[in-house]
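Sequence plus the predicted model coming up.
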Amino acid sequence: MRPETEFKLNEIWYGDKPAPWWLRMLTPVYRLGNSLDRRLGLKRRPSDLDSTFIIVVGNVTVGGSGKTPVVIRLCQLLRQAGLKPGVISRGYGRKDRRLRLVSPDSSAAVVGDEPLLIAQRAGVPVIVSRDRCEAARTLLRHNINVIISDDGLQHYRLPRALGVCVVDGTRGFGNGHLIPAGPLREPLERLACVDAVVVNGEAKNLPENLPLIHMQLEAGLLRSMNDGQSWRLSQFAGCKANAVAGIGNPSRFFSLLRSARINVTEHVFPDHHVFAAKDFEQMDPSLPILMTEKDAVKCKGLGLKNAWVLSVDAVLPSDWERDFVKRVVNGVSAPGGHQ
């Protein structure tokens, strides 16, 4: 999607600007296509993956919601419980269409920014492929007993034992319309079919009767891209900085920096933007550059000076985490796999 198109759609989807008539006219076409895709996908589900414990972490809206930190946290929980998780992903925006095993040293252009970040942070095998079922089969050959699908809530052909929907609490479901008049990939009734609705941040624009698991993104250390030294976010308090964000909801990152009393100059890029050196040429060279981990994996090799990466961690309710781990452990150890 072209950057100017993405920005205009976000004004309609998440702002006060009404959707034009021609977008509203296309919504029934999308609804019909989604319904047919769902029916066909369910009909074509492969039986050889029925006994595999697959967890799908996705969303029902277009754009970022905080899925990647959730995937990383779930991998950490499962590893701590003695399980052997792995992750499959489409690898959105990557140039290579082939199935790939992601390593921490992979190129974001080849495997995608989010899978690369997961491989670096979660320490588990990660496979990218347009065919998630084939990715799952490949992952099983790496001695894996739990598979987490990064996105794929709408990939109906993939079997799943658990479904987790992550929602951006600030933006919610936007204007509540389906694509292209709104940001919804599926009608909100779809939420009744998932096992958990995780809301990222304060739930400002969500239905009151929706049972939510509240999550916070906790800021970690700022790590230098030049020499690897780490500083606490508080050590930048009172400083001016260039803040770079090419994520689904850049305002969340900027707000996090401002809450630490950092005076930021915002530089907004489209989600999954492929960075080049020219993107940084107009920035004040005397100021540090602060960016997200997802953006930083695409900036390796650009020779940026005084650039810092902020790590964030998903913080989920401890009782929900215990119940989640217990359910997965029981499902994996059940005779003949889960049902």
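On my side now, so go ahead.

Could you pick out the longest strand of the protein?
strand 213-224 (DSSP state E).

which helices and strands sit right next to the helix or strand following that strand?
Per DSSP states H and E, the first helix or strand lying C-terminal to strand 213-224 is strand 230-232. Helices and strands touching strand 230-232, by 3 or more C-beta pairs under 8 Å, 6 or more residues apart in numbering; DSSP states H and E, are strand 213-224. (C-beta placed from N, C-alpha, C; glycine too.)

List the buried residues of stretch 219-238.
Using 16 or more other C-beta atoms under 10 Å as the test for burial, stretch 219-238 gives 219, 222-223, 225, 233, 236.

where in the stretch 101-250 of the chain is pLDDT low?
Per-residue confidence for the stretch 101-250 of the chain (pLDDT under 70) gives these ranges: 205.

Just the helices from it, written as ranges.
Here the stretch 101-250 of the chain has its helices, by DSSP state H, counting those that start in this stretch, at 108-111, 113-122, 132-140, 250-259.

CA-only coordinates of the second one, as PDB, when you get a sec.
What follows is helix 113-122 as a C-alpha-only set of coordinates in PDB (Å, rounded to 0.1, in the frame of the first residue of the first chain):
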ATOM      1  CA  ASP A 113      10.700  -7.500  10.100                       C
ATOM      2  CA  GLU A 114       8.300  -9.100  12.700                       C
ATOM      3  CA  PRO A 115       9.600 -12.700  12.200                       C
ATOM      4  CA  LEU A 116      13.200 -11.500  12.500                       C
ATOM      5  CA  LEU A 117      12.400  -9.600  15.800                       C
ATOM      6  CA  ILE A 118      10.700 -12.700  17.200                       C
ATOM      7  CA  ALA A 119      13.700 -14.900  16.300                       C
ATOM      8  CA  GLN A 120      16.000 -12.400  18.100                       C
ATOM      9  CA  ARG A 121      13.900 -11.900  21.200                       C
ATOM     10  CA  ALA A 122      12.100 -15.200  21.800                       C
END
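
biggest helix in the protein by residues?
Assignment by DSSP state H gives helix 21-43 as the longest helix of the chain.

Provide a list of residues in contact with Arg31.
178, 187 (C-beta atoms under 8 Å, 6 or more residues apart in numbering).

so how far is Glu186 from it?
9 Å (C-beta to C-beta, to the nearest Å).

Pull up the overlap in contacts between the two.
With C-beta under 8 Å, 6+ apart as the test, Arg31 and Glu186 both reach Leu178.

picking up where we left off before, which positions within the longest helix of the chain qualify as buried?
Buried residues in helix 21-43 (16+ other C-beta under 10 Å): 23, 27, 30, 34.

can I get the residues you listed in CSV with distance to Lys8?
Converted to CSV, those look like this (distance: C-beta to C-beta, whole Å):
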residue, distance to Lys8
Leu23, 11
Thr27, 17
Tyr30, 18
Asn34, 23
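
Just name the closest of those to Leu290, please.
Nearest to Leu290 out of those is Leu23 (C-beta to C-beta; 35.3 Å).

Tell me which residues touch the closest residue to the closest one other than its chain neighbours, please.
Among residues not flanking Leu23 along the chain, Ala181 sits closest, at 4.4 Å (C-beta to C-beta, 6 or more residues apart in numbering). Ala181 makes contacts with 12, 19, 23-24, 26-27, 175, as judged by C-beta under 8 Å, 6+ apart.

Roughly how far does Ala192 sit from Val60?
For Ala192 relative to Val60 (C-beta to C-beta), the value is 11 Å.

more crowded one of these two?
Val60 (23 against 8; other C-beta atoms under 10 Å).

Wait, the more buried one touches Gly182, no?
No: Val60 is beyond contact range of Gly182, at 10.9 Å (criterion: C-beta atoms under 8 Å).

okay, and the common contacts of those two?
By C-beta under 8 Å, 6+ apart, Val60 and Gly182 have these common neighbours: Phe173.

circling back to that earlier point, centre of the chain versus the longest helix of the chain, how much separation?
Distance, stretch centre to chain centre, for helix 21-43: 23 Å (C-alpha atoms, centre = their mean, to the nearest Å).
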